[in-house]
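1. Got a predicted structure plus its sequence, pasted below:
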Amino acid sequence: MITLSLLREPVLQDQMSHSISFCIDSQLNQISLVRAALSGVLSYLGVVESDIFSLELAVTEIINNTLEHGYRGVEDKPIEVKVHVSGSEVQIDLNDKAPPFPESERYRLEGKPALLEEPNEDWPMRGHGLQIVRQIVDSIALTSDQHHNRMTIRKHVALEDK
């Protein structure tokens, strides 16, 4: 299930702020719906294609981690996605009701991101999702408690000339 709502609100005289939120079930096939909604909204707002693709990838990696590590494959749990665009800044909040994000893994979100090394035959195929997200976005923040996790990513994007 996916539900959508789009809000427009004036921020400055020449600038509008747009928000959209939607909720999906914790199923792998729902990720394509998130990508389509995100792509459609950002394209409508004039974000350049390369930044749309980058944000789709970041959101996909975060949701995949939630499905695998947070919900451990359970398919009836909610994931809420809130997108807020103000001028050239995009903020995306991803909320889940999984157990708290492990403290032992927070290091992957903090500090300066390590550069991705060139893949070779010894390079593991898994375990690079958050590292990829950190390379794509300008900032990432996580709040967790016993009832939910919220990951917030922000990215300044380029806008097409109108």
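-> Ah, there it is.
2. Give me the contacts around stretch 50-66.
-> With contact meaning Cβ atoms under 8 Å, 6 or more residues apart in numbering, stretch 50-66 is reached by 26, 31, 34-35, 38-39, 42-43, 79, 81, 90, 92, 94, 96, 98, 129-130, 132-133, 136-137, 149, 151, 153, 155, 157-158. C-beta here means a position set from N, CA and C on the backbone, and glycine is covered the same way.
3. Buried only: go through those residues for me.
-> In terms of neighbour count (16 or more other Cβ atoms under 10 Å), the buried residues within the contacts of stretch 50-66 are 26, 31, 34-35, 38-39, 42, 79, 81, 90, 92, 94, 96, 98, 129-130, 132-133, 136-137, 149, 151, 153, 155, 157.
4. lowest confidence element among the helices and strands of the protein?
-> strand 3-12 (a mean of 55; mean pLDDT, DSSP states H and E).
5. in which helix or strand would I find the residue most central in space within the chain?
-> Nearest to the mean C-alpha position of the chain, by Cα atoms, centre = their mean, lies residue 59 at 3.0 Å. Assigned by DSSP states H and E, residue 59 belongs to helix 49-65.
6. List the buried residues in the very next helix or strand once past that helix.
-> In the C-terminal direction, the helix or strand that comes right after helix 49-65 (DSSP H and E) is strand 78-86. By 16+ other Cβ under 10 Å, the buried positions in strand 78-86 come out as 79-85.
7. With stretch 46-63 instead?
-> Those would be 47, 51-52, 54-63, for stretch 46-63 by 16+ other Cβ under 10 Å.
8. Just send the residues you listed back as a markdown table, with distance to residue 75 and pLDDT too.
-> Output for the buried residues of stretch 46-63, formatted as a markdown table (distance: Cβ to Cβ, whole Å; pLDDT from 0 to 100):
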| residue | distance to residue 75 | pLDDT |
| --- | --- | --- |
| 47 | 31 | 95 |
| 51 | 31 | 98 |
| 52 | 27 | 97 |
| 54 | 28 | 97 |
| 55 | 25 | 97 |
| 56 | 22 | 97 |
| 57 | 23 | 95 |
| 58 | 23 | 96 |
| 59 | 19 | 97 |
| 60 | 17 | 95 |
| 61 | 19 | 93 |
| 62 | 18 | 94 |
| 63 | 13 | 95 |
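9. ok, the residues you listed vs residue 145, which is closest?
-> residue 62 (18.0 Å; Cβ to Cβ).
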